[in-house]
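Novice: structure, please.
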Amino acid sequence: MELLKETLGKIKELDKEAMGKARERINNLIKPEGSLGRLEEMAEKLVGITGKRFPKVDNRAVIVMAGDHGVYEEGVAPDPQIITAIQTCNFTKGITGVCALAKQAKADVISVDIGVASDLKEPRVINRKIKYGTDNMTKGPAMTRKEAIKALEVGIEIATDEIKKGRNLLATGEMGIGNTTPSTAIISVLGSYDPQEITGKGAGLSEEKVIHKARIIKKAIEINKPDPEDGIDVLSKVGGLEIGGMAGVMIAGAAERVPVVVDGLIATAAALIACKIEPKVKNYLFASHASLEKGAARASKLLGLEPMLNMDMRLGEGTGAVLTFNLIEAAVYMNNEMITFEEAGIMRD
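Specialist: Residues are numbered from 1 along each chain as shown. From the prediction side, this is the model:
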């Protein structure tokens with residue numbers, strides 16, 4: 001708990017003075033004012049996050065948190081749970097979806113076992129296992145409050161270690177069969193949504209199974225009664241270890257003034273937890289893509305960040321977040337490489 005408190009205490013507002021100077025310069029770049037749209041907004045925000053006039057995003061990584069879920073035994077996912085363990089190891093081999101896109105984006109993939117239900121023999125996976133999957137949230141809390149805080153702190157530790165190595169852009173990814181169930185539960189609680197309205201098919205459930213999944217989520221919420229004003233309570237009662245880990249990465253990024261890119265539905269649920277714990281975290285986040293998963297649009301609206309891309313993606317793993325690394329880099333290049341009218345020797349009225 002001390003690490004969490006200490007990290008939260010370091011989170012400050014964006015550097016408004018630096019942002020003002022950045023906006024003035026961006027408005028005077030050799031182009032019509034506002035003509036590069038959201039790239040201009042991104043560049044200004046990056047200056048506010050870092051406090052640097054010409055920030056860099058050339059040392060980047062996606063931190064993939066992996067964990068299993070006790071609620072899996074309620075039939076909320078079509079795939080065998082062992083896939084979590086297999087894919088967690090595969091991230092270190094460069095052969096998954098996020099690995100392919102990370103290679104193109106010149107980013108590293110960091111695989112973390114924060115709660116996989118089996119022991120992994122791959123030494124390149126960072127072993128920070130808190131427990132062998134969460135408990136079944138239809139029978140009680142998914143984890144204790146102490147375990148939820150530990151999940152947050154694991155994320156803080158992993159992200160802080162990477163930042164100390166020079167990382168200047170991070171993304172959150174995840175792996176956990178069945179994890180759209182706790183994610184949807186979190187969004188339902190924090191947004192006061194009926195689970196039936198926002199529950200999607202995840203990895204490929206039939207319509208009948210989606211209805212069942214929504215009922216399971218509703219049952220878990222009714223049994224545990226998570227407090228929507230207490231992000232840690234929501235995480236512990238209906239969340240996941242990997243969701244807590246991702247939230248911790250976001251909190252650490254805010255504390256260290258490093259931007260963090262949020263992936264789809266599950267990462268957005270983690271962002272909602274992080275921002276419930278400390279609202280200023282939102283200032284340090286970029287929303288990557290509009291996931292095709294049913295509850296994603298509501299989640300993004302609840303978070304209050306507009307995604308950059310709409311690619312009909314819903315894989316997870318951090319794929320959408322890594323894809324937008326290229327756009328963030330473009331915003332940096334715009335800011336760093338373009339000259340102003342004055343620098344070009346052009347006088348304007």
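
Novice: list the contacts of residue 292.
Specialist: Under the criterion of CB atoms under 8 Å, 6 or more residues apart in numbering, the contact partners of residue 292 comprise 312-314. The way it works is simple: take the backbone N, C-alpha and C, and place the C-beta from them, glycine included.

Novice: make a ChimeraX selection of the buried ones in those residues.
Specialist: Only the buried members of the contacts of residue 292 end up in this ChimeraX selection, burial being decided by 16 or more other CB atoms under 10 Å:
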select :313,314
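
Novice: quick one: which of the contacts of residue 292 is nearest to residue 117?
Specialist: Closest to residue 117 out of the contacts of residue 292 is residue 314 (23.2 Å), distances taken as CB to CB.

Novice: mind checking how far that closest one is from residue 84?
Specialist: Counting by CB to CB, to the nearest Å, the gap between residue 314 and residue 84 amounts to 17 Å.

Novice: help me confirm that residue 113 is found in a strand?
Specialist: Yes - read with DSSP: H, G, I helix; E, B strand; the rest coil, residue 113 is one of the residues of a strand.

Novice: now for it: which residues touch it?
Specialist: The contact partners of residue 113, taken as CB under 8 Å, 6+ apart, are 66-67, 88, 120, 125-129.

Novice: okay, those in TSV with secondary structure and neighbour count next?
Specialist: Rendered in TSV, the data for the contacts of residue 113 read as follows (DSSP: H, G, I helix; E, B strand; the rest coil; neighbours: other CB atoms under 10 Å):
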residue	secondary structure	neighbour count
66	strand	29
67	strand	32
88	helix	27
120	coil	19
125	coil	22
126	strand	20
127	strand	12
128	coil	19
129	coil	21
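
Novice: which strands or helices does the longest helix anywhere in the chain pack on?
Specialist: Taking DSSP state H as the criterion, the chain has its longest helix at helix 145-164. With contacts defined as 3 or more CB pairs under 8 Å, 6 or more residues apart in numbering; DSSP states H and E, the secondary structure elements packing on helix 145-164 are helix 2-9, strand 60-67, strand 107-115, strand 169-175, helix 231-238, helix 241-256.

Novice: what about 6 Å?
Specialist: helix 2-9, helix 231-238, helix 241-256 (3 or more CB pairs under 6 Å, 6 or more residues apart in numbering; DSSP states H and E).

Novice: pick the most deeply packed of the ones you listed.
Specialist: helix 241-256 (a mean of 32; mean count of other CB atoms under 10 Å).

Novice: mind checking how far that helix is from the chain centre?
Specialist: When distances are taken as CA atoms, centre = their mean, to the nearest Å, helix 241-256 is centred 8 Å away from the chain's centroid.

Novice: go on, stretch 34-43?
Specialist: Between the centre of stretch 34-43 and the centre of its host chain there is 23 Å, according to CA atoms, centre = their mean.

Novice: any idea of the mean pLDDT in it?
Specialist: The predicted model assigns stretch 34-43 a mean pLDDT of 98.

Novice: buried sites along it?
Specialist: Buried positions in stretch 34-43, judged by neighbour count with 16+ other CB under 10 Å: 36, 39-40, 42-43.

Novice: same check on stretch 96-111?
Specialist: Buried positions in stretch 96-111, judged by neighbour count with 16+ other CB under 10 Å: 96-99, 101-102, 105, 107-111.

Novice: which pair in the residues you listed spans the largest distance?
Specialist: For the buried residues of stretch 96-111, with distances taken as CB to CB, the pair at the greatest spread is 105 and 111 (16.8 Å).

Novice: relative to residue 333, which of the helices and strands packed on helix 145-164 is closest?
Specialist: Between those, helix 241-256 lies closest to residue 333; by CB to CB that is 21.6 Å.

Novice: and the closest residue to residue 284 other than its chain neighbours, how far from residue 156?
Specialist: With sequence-adjacent residues excluded and distances taken as CB to CB, 6 or more residues apart in numbering, residue 284 is closest to residue 254, at 4.0 Å. Residue 254 sits 10 Å away from residue 156, taking CB to CB as the criterion.

Novice: same thing with residue 111?
Specialist: 18 Å.

Novice: returning to what we had before: go through the contacts of residue 113 and name the one nearest residue 186.
Specialist: Ranked by distance to residue 186 (CB to CB), those are led by residue 67 at 14.2 Å.

Novice: identify the residues contacting the closest one.
Specialist: Shown in contact with residue 67 (CB atoms under 6 Å, 6 or more residues apart in numbering): 114-115, 176, 240-242.

Novice: make CSV out of these and add pLDDT.
Specialist: Rendered in CSV, the data for the contacts of residue 67 read as follows (pLDDT from 0 to 100):
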residue, pLDDT
114, 99
115, 98
176, 98
240, 98
241, 98
242, 98
